[in-house]
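J.: this is a predicted model, with the sequence first.
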Amino acid sequence: MQSTDPMVRISNLSHTYQSRDGLVPALIDINIEIQAGRFVVIVGPSGCGKSSLLMMMAGLLAPSQGTILCSGHSMTSPNPDIAGVVFQEASLYPWLTALENVEFPLSLKHVPKKVRKERAQELLSLVGLQGFEDRYPHELSGGMKQRVSIARGLVQDPPLLMMDEPFAALDEQTRITMGDELLSIWEKTKKTVVFVTHSLTEAAYLADEIIVMSARPGKIIDRIEVDLPRPRKYEMMSTVRFAQLRERIWNQIKH
(Lines give C-alpha, C1' and ligand atoms only; values in the text may rest on other atoms or scores of the structure.)
Protein backbone atom coordinates (compact mmCIF):
# COMPACT_ATOMS: atom_id res chain seq x y z
CA MET A 1 0.00 0.00 0.00
CA GLN A 2 1.35 3.43 -0.96
CA SER A 3 2.24 5.69 1.96
CA THR A 4 0.03 8.73 2.50
CA ASP A 5 2.65 10.48 4.62
CA PRO A 6 3.74 13.84 3.18
CA MET A 7 7.07 14.10 1.40
CA VAL A 8 7.88 17.15 3.55
CA ARG A 9 6.57 17.84 7.05
CA ILE A 10 7.74 20.94 8.91
CA SER A 11 6.41 21.32 12.44
CA ASN A 12 6.60 24.36 14.74
CA LEU A 13 9.77 25.66 13.12
CA SER A 14 11.27 28.96 14.26
CA HIS A 15 14.70 30.44 13.77
CA THR A 16 16.72 33.28 15.24
CA TYR A 17 20.22 34.42 14.38
CA GLN A 18 22.84 36.42 16.20
CA SER A 19 23.58 39.96 15.01
CA ARG A 20 25.73 42.72 16.48
CA ASP A 21 22.60 44.01 18.21
CA GLY A 22 21.54 40.67 19.65
CA LEU A 23 19.19 37.88 18.60
CA VAL A 24 17.06 38.58 15.53
CA PRO A 25 13.92 36.50 14.83
CA ALA A 26 14.03 35.27 11.22
CA LEU A 27 11.25 32.67 11.02
CA ILE A 28 8.27 32.12 13.33
CA ASP A 29 6.02 29.09 13.72
CA ILE A 30 6.36 27.52 10.28
CA ASN A 31 4.15 24.50 9.66
CA ILE A 32 4.10 22.94 6.19
CA GLU A 33 3.09 19.64 4.66
CA ILE A 34 3.92 18.88 1.02
CA GLN A 35 2.66 15.75 -0.68
CA ALA A 36 4.84 13.69 -2.99
CA GLY A 37 4.98 14.78 -6.62
CA ARG A 38 3.88 18.36 -5.99
CA PHE A 39 5.58 21.47 -7.39
CA VAL A 40 5.52 24.00 -4.54
CA VAL A 41 6.87 27.54 -4.84
CA ILE A 42 7.81 29.77 -1.90
CA VAL A 43 7.60 33.55 -2.36
CA GLY A 44 7.94 36.53 -0.08
CA PRO A 45 9.69 39.88 0.26
CA SER A 46 13.48 40.09 0.40
CA GLY A 47 14.84 39.07 3.79
CA CYS A 48 11.76 37.10 4.83
CA GLY A 49 13.75 33.91 5.35
CA LYS A 50 12.51 31.84 2.40
CA SER A 51 16.02 30.81 1.30
CA SER A 52 16.95 30.05 4.92
CA LEU A 53 13.86 27.87 5.17
CA LEU A 54 14.90 25.98 2.05
CA MET A 55 18.41 25.47 3.43
CA MET A 56 16.91 24.06 6.63
CA MET A 57 14.78 21.68 4.59
CA ALA A 58 17.95 20.54 2.83
CA GLY A 59 19.76 19.97 6.14
CA LEU A 60 22.27 22.75 5.42
CA LEU A 61 21.12 25.02 8.26
CA ALA A 62 19.79 24.06 11.67
CA PRO A 63 16.56 25.71 12.89
CA SER A 64 16.43 27.16 16.39
CA GLN A 65 13.40 25.02 17.15
CA GLY A 66 11.01 22.67 15.42
CA THR A 67 11.40 19.59 13.22
CA ILE A 68 11.76 18.90 9.52
CA LEU A 69 11.03 15.49 8.03
CA CYS A 70 11.68 14.77 4.37
CA SER A 71 10.55 11.37 3.11
CA GLY A 72 10.21 10.41 6.78
CA HIS A 73 13.82 11.31 7.64
CA SER A 74 14.88 14.06 10.03
CA MET A 75 16.88 16.63 8.04
CA THR A 76 19.50 17.48 10.64
CA SER A 77 22.25 17.25 8.00
CA PRO A 78 22.42 17.08 4.20
CA ASN A 79 21.17 13.83 2.68
CA PRO A 80 21.56 13.83 -1.13
CA ASP A 81 19.77 10.49 -1.36
CA ILE A 82 16.63 12.32 -0.18
CA ALA A 83 17.08 15.92 -1.33
CA GLY A 84 19.01 17.34 -4.26
CA VAL A 85 19.73 21.07 -4.11
CA VAL A 86 20.14 23.57 -6.96
CA PHE A 87 21.43 27.02 -5.99
CA GLN A 88 21.18 30.43 -7.66
CA GLU A 89 24.76 30.13 -8.86
CA ALA A 90 25.61 27.01 -10.84
CA SER A 91 28.72 26.35 -8.66
CA LEU A 92 30.28 23.95 -11.14
CA TYR A 93 33.89 22.83 -10.82
CA PRO A 94 35.69 24.73 -13.61
CA TRP A 95 38.28 21.98 -14.12
CA LEU A 96 35.62 19.31 -14.74
CA THR A 97 33.55 18.80 -17.88
CA ALA A 98 29.76 18.88 -17.80
CA LEU A 99 29.71 15.09 -17.62
CA GLU A 100 32.31 14.99 -14.84
CA ASN A 101 30.44 17.66 -12.85
CA VAL A 102 27.27 15.56 -12.95
CA GLU A 103 29.21 12.39 -12.11
CA PHE A 104 31.01 13.98 -9.17
CA PRO A 105 28.50 13.15 -6.37
CA LEU A 106 28.51 9.50 -7.50
CA SER A 107 32.30 9.39 -7.54
CA LEU A 108 32.29 10.44 -3.86
CA LYS A 109 30.20 7.34 -3.16
CA HIS A 110 32.59 5.16 -5.16
CA VAL A 111 29.96 4.21 -7.73
CA PRO A 112 31.70 2.27 -10.54
CA LYS A 113 32.90 4.55 -13.32
CA LYS A 114 30.81 2.92 -16.05
CA VAL A 115 27.61 3.17 -13.99
CA ARG A 116 28.10 6.80 -13.02
CA LYS A 117 29.02 7.78 -16.59
CA GLU A 118 25.86 6.16 -17.94
CA ARG A 119 23.75 7.85 -15.28
CA ALA A 120 25.32 11.27 -15.95
CA GLN A 121 24.84 10.90 -19.70
CA GLU A 122 21.20 9.96 -19.15
CA LEU A 123 20.59 13.08 -17.08
CA LEU A 124 22.45 15.43 -19.42
CA SER A 125 20.20 14.10 -22.17
CA LEU A 126 17.15 14.70 -19.95
CA VAL A 127 18.11 18.37 -19.49
CA GLY A 128 18.82 18.82 -23.21
CA LEU A 129 22.62 18.81 -23.13
CA GLN A 130 23.42 15.73 -25.19
CA GLY A 131 26.47 16.58 -27.26
CA PHE A 132 27.84 18.94 -24.58
CA GLU A 133 29.19 16.28 -22.23
CA ASP A 134 32.83 17.23 -22.83
CA ARG A 135 32.38 21.00 -22.53
CA TYR A 136 33.86 22.86 -19.58
CA PRO A 137 31.79 25.42 -17.63
CA HIS A 138 33.45 28.39 -19.34
CA GLU A 139 32.23 26.98 -22.66
CA LEU A 140 28.59 26.91 -21.54
CA SER A 141 25.96 29.67 -21.35
CA GLY A 142 24.32 30.60 -18.07
CA GLY A 143 21.23 28.54 -18.86
CA MET A 144 23.34 25.53 -19.87
CA LYS A 145 25.29 25.73 -16.61
CA GLN A 146 22.04 25.64 -14.65
CA ARG A 147 20.92 22.61 -16.64
CA VAL A 148 24.14 20.88 -15.56
CA SER A 149 23.35 21.86 -11.95
CA ILE A 150 19.85 20.38 -12.25
CA ALA A 151 21.30 17.17 -13.68
CA ARG A 152 23.78 17.01 -10.81
CA GLY A 153 20.96 17.56 -8.31
CA LEU A 154 19.09 14.60 -9.81
CA VAL A 155 22.02 12.22 -10.29
CA GLN A 156 21.48 10.37 -7.00
CA ASP A 157 17.78 10.05 -7.81
CA PRO A 158 16.44 11.85 -4.72
CA PRO A 159 12.65 12.00 -4.37
CA LEU A 160 12.90 15.72 -3.52
CA LEU A 161 14.50 18.56 -5.49
CA MET A 162 15.02 21.92 -3.77
CA MET A 163 15.80 24.99 -5.86
CA ASP A 164 16.87 28.38 -4.51
CA GLU A 165 16.16 31.03 -7.17
CA PRO A 166 17.96 28.96 -9.81
CA PHE A 167 17.03 31.23 -12.74
CA ALA A 168 17.47 34.63 -11.05
CA ALA A 169 20.68 35.49 -12.90
CA LEU A 170 19.28 34.65 -16.35
CA ASP A 171 17.74 37.02 -18.89
CA GLU A 172 13.94 36.94 -19.21
CA GLN A 173 13.81 34.87 -22.40
CA THR A 174 16.21 32.24 -21.05
CA ARG A 175 14.37 32.25 -17.73
CA ILE A 176 11.04 31.43 -19.38
CA THR A 177 12.67 28.72 -21.49
CA MET A 178 14.32 27.21 -18.42
CA GLY A 179 10.98 27.25 -16.59
CA ASP A 180 9.38 25.27 -19.41
CA GLU A 181 12.29 22.81 -19.43
CA LEU A 182 12.09 22.39 -15.66
CA LEU A 183 8.38 21.58 -15.89
CA SER A 184 9.16 19.01 -18.58
CA ILE A 185 11.81 17.40 -16.34
CA TRP A 186 9.42 17.44 -13.38
CA GLU A 187 6.65 15.79 -15.37
CA LYS A 188 9.05 13.06 -16.56
CA THR A 189 10.72 12.35 -13.21
CA LYS A 190 7.70 12.77 -10.87
CA LYS A 191 9.95 14.43 -8.27
CA THR A 192 8.64 16.66 -5.51
CA VAL A 193 9.97 20.18 -6.17
CA VAL A 194 10.29 23.02 -3.64
CA PHE A 195 11.27 26.20 -5.49
CA VAL A 196 12.14 29.62 -4.03
CA THR A 197 11.72 32.72 -6.21
CA HIS A 198 11.20 36.48 -6.08
CA SER A 199 9.29 36.39 -9.35
CA LEU A 200 5.52 36.34 -8.98
CA THR A 201 5.14 35.46 -12.66
CA GLU A 202 7.49 32.51 -12.27
CA ALA A 203 5.64 31.35 -9.16
CA ALA A 204 2.22 31.38 -10.81
CA TYR A 205 3.53 29.74 -13.99
CA LEU A 206 5.36 26.84 -12.34
CA ALA A 207 3.49 25.94 -9.17
CA ASP A 208 0.80 23.56 -8.05
CA GLU A 209 0.80 25.54 -4.82
CA ILE A 210 2.33 28.86 -3.77
CA ILE A 211 3.38 29.44 -0.16
CA VAL A 212 3.42 33.18 0.60
CA MET A 213 5.61 34.45 3.44
CA SER A 214 5.47 37.73 5.32
CA ALA A 215 8.30 40.20 5.82
CA ARG A 216 10.77 39.32 8.57
CA PRO A 217 10.18 37.63 10.88
CA GLY A 218 8.92 35.30 8.19
CA LYS A 219 5.69 33.42 8.71
CA ILE A 220 3.24 31.82 6.30
CA ILE A 221 0.43 34.22 5.44
CA ASP A 222 -1.18 32.40 2.50
CA ARG A 223 -1.20 29.09 0.63
CA ILE A 224 -2.57 29.34 -2.90
CA GLU A 225 -3.68 26.39 -4.99
CA VAL A 226 -2.84 27.24 -8.59
CA ASP A 227 -5.75 26.08 -10.72
CA LEU A 228 -4.19 26.73 -14.13
CA PRO A 229 -4.31 23.64 -16.36
CA ARG A 230 -1.24 21.62 -17.22
CA PRO A 231 0.79 21.51 -19.32
CA ARG A 232 1.44 25.21 -18.81
CA LYS A 233 1.68 27.44 -21.87
CA TYR A 234 3.26 30.87 -22.26
CA GLU A 235 -0.09 32.27 -23.42
CA MET A 236 -1.53 31.63 -19.94
CA MET A 237 0.45 34.62 -18.65
CA SER A 238 -1.93 36.98 -20.46
CA THR A 239 -5.12 35.50 -18.98
CA VAL A 240 -7.32 37.11 -16.34
CA ARG A 241 -6.82 34.16 -13.98
CA PHE A 242 -3.04 34.49 -14.17
CA ALA A 243 -3.28 38.20 -13.37
CA GLN A 244 -5.54 37.43 -10.41
CA LEU A 245 -3.00 35.00 -8.97
CA ARG A 246 -0.17 37.52 -9.27
CA GLU A 247 -2.31 40.28 -7.75
CA ARG A 248 -3.29 38.08 -4.78
CA ILE A 249 0.39 37.48 -4.00
CA TRP A 250 1.44 41.07 -4.62
CA ASN A 251 -1.22 42.53 -2.36
CA GLN A 252 0.16 40.48 0.53
CA ILE A 253 3.87 41.14 0.12
CA LYS A 254 4.00 44.75 -1.16
CA HIS A 255 3.85 46.39 2.26
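T.: Received it, and whenever you're ready, just let me know what you need.

J.: what about the helices in the stretch 51-200 of the chain?
T.: Taking DSSP state H, counting those that start in this stretch, the helices of the stretch 51-200 of the chain run over residues 98-108, 113-126, 142-154, 172-189, 200-206.

J.: out of those helices, which comes closest to Val43?
T.: Relative to Val43, the nearest member of those by C-beta to C-beta is helix 200-206, separated by 5.0 Å. Glycine gets a C-beta too; all of them are placed from N, C-alpha and C.

J.: low-confidence stretches in the chain?
T.: Low-confidence segments of the chain, defined by pLDDT under 70, are located at 1-3, 255.

J.: could I get the contacting residues of the spatially most central residue of the chain?
T.: Residue closest to the mean C-alpha point of the chain, counted by C-alpha atoms, centre = their mean, is Met163 at 1.9 Å. Taking C-beta atoms under 8 Å, 6 or more residues apart in numbering as the definition of contact, the neighbours of Met163 are Val85, Val86, Gly153, Val193, Val194, Phe195, Val196.

J.: and with 10 Å instead?
T.: Residues touching Met163, when contacts are defined by C-beta atoms under 10 Å, 6 or more residues apart in numbering, comprise 41, 54, 84-88, 146, 149-150, 153, 182, 193-197, 206.

J.: tell me how many other residues surround the residue lying closest to Gly142 once chain neighbours are set aside.
T.: Beyond its immediate neighbours in the sequence, the residue positioned closest to Gly142 (C-beta to C-beta, 6 or more residues apart in numbering) is Leu170, lying 5.4 Å away. Other residues within reach of Leu170, judged by other C-beta atoms under 10 Å, total 18.

J.: hang on, Leu170 packs against Thr197?
T.: No. In this structure, Leu170 sits apart from Thr197 without contact. The criterion is C-beta atoms under 10 Å, and the distance is 12.0 Å.

J.: mutual contacts of the two, please.
T.: Each of Gly179 lies in contact with both Leu170 and Thr197 under the rule C-beta under 10 Å, 6+ apart.

J.: quick one: neighbours of Leu183, just the number.
T.: When neighbours are defined as other C-beta under 10 Å, Leu183 has 17 of them.

J.: quick one, what contacts Gly66?
T.: When contacts are counted by C-beta under 10 Å, 6+ apart, Gly66 touches Ile10, Ser11, Asn12, Leu13, Ser14, His15, Leu27, Asp29, Ile30, Asn31, Met56.

J.: any idea how far the closest residue to it other than its chain neighbours is from Pro80?
T.: Setting aside the residues directly before and after it, Gly66 is nearest to Leu13 in space (C-beta to C-beta, 6+ apart), at 3.2 Å. Applying C-beta to C-beta, to the nearest Å, one obtains 22 Å for the distance of Leu13 from Pro80.

J.: what of Asp157?
T.: With distances defined as C-beta to C-beta, the gap from Asp157 to Pro80 amounts to 10 Å.

J.: what about these two, which has more around it?
T.: The residue with the greater number of neighbours, taking Asp157 and Pro80 and applying other C-beta under 10 Å, is Pro80; the counts read 19 against 12.

J.: you'd agree the more buried one is up against Ala58?
T.: Yes. With contacts defined as C-beta under 10 Å, Pro80 counts as touching Ala58 at a distance of 9.3 Å.

J.: what residues are up against the residue nearest to Tyr136 when sequence neighbours are not counted?
T.: Excluding the flanking residues, the one nearest Tyr136 by C-beta to C-beta, 6+ apart is Thr97, at 5.8 Å. The neighbours of Thr97, taking C-beta under 10 Å, 6+ apart as the test, are Glu103, Ala120, Phe132, Glu133, Asp134, Arg135, Tyr136, Pro137, Glu139, Val148.

J.: can you do 7 Å?
T.: Contact analysis of Thr97 by C-beta atoms under 7 Å, 6 or more residues apart in numbering lists Glu133, Asp134, Arg135, Tyr136.

J.: what residue spans form the domains of the protein?
T.: For the chain, whose domains are defined here by automatic domain parsing, the residue ranges read 1-82+160-255, 89-157.
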